[in-house]
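Student: coords please:
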Amino acid sequence: GWWAAEGDKDRQRQVLVRQAEVAKRLRPPASSVAMEGKQKLVKQLPLENICLETDSPALGPEKQVRNEPKNILVSAEYISKVKGLPLETVVEVTTRNALRLFPKLKLAVRLL
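Tutor: Predicted coordinates:
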């Protein structure tokens, strides 16, 4: 896997770059051929290696519509459908992944 070792800043930067590359490929597809490629990628990636983000305010699920953080559920629902997993499982595991990658987020989550 390509998860960062805790405290290893260079490795964490590499993870973020890789995540950005994967996120670009997971953007809502423009064609059915692109959709098949995205489904294949989602199926191949272990859920434990997926971290969701909205890329707000750009790259929303609809062209020319401002993206909002709440749209992260669009990605979670897509992954849930493709992997055949309950939505709750996808949300729980990807949230745990984000907290591992960004440990300071734990404080913000506790405040919610």
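
Student: check contacts around the nearest residue to residue 50 once chain neighbours are set aside.
Tutor: Distances taken as Cβ to Cβ, 6 or more residues apart in numbering place residue 94 nearest to residue 50, at 5.6 Å, with adjacent residues excluded. C-beta coordinates here come from the backbone N, C-alpha and C atoms, glycine included. Counting by Cβ atoms under 8 Å, 6 or more residues apart in numbering, residue 94 touches 47, 50, 51, 52, 76, 79.

Student: surely the third one meets residue 99?
Tutor: By that I understand residue 51. No. Using Cβ atoms under 8 Å, residue 51 is not in contact with residue 99; the gap is 9.6 Å.

Student: More neighbours: which of those two?
Tutor: residue 51 (21 against 15; other Cβ atoms under 10 Å).

Student: if we can go back for a sec, dump the contacts of residue 94 into a markdown table; add secondary structure, distance to residue 69 and pLDDT as well.
Tutor: Output for these, formatted as a markdown table (DSSP: H, G, I helix; E, B strand; the rest coil; distance: Cβ to Cβ, whole Å; pLDDT from 0 to 100):
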| residue | secondary structure | distance to residue 69 | pLDDT |
| --- | --- | --- | --- |
| 47 | helix | 21 | 93 |
| 50 | coil | 17 | 90 |
| 51 | coil | 14 | 88 |
| 52 | coil | 11 | 87 |
| 76 | helix | 12 | 90 |
| 79 | helix | 17 | 92 |
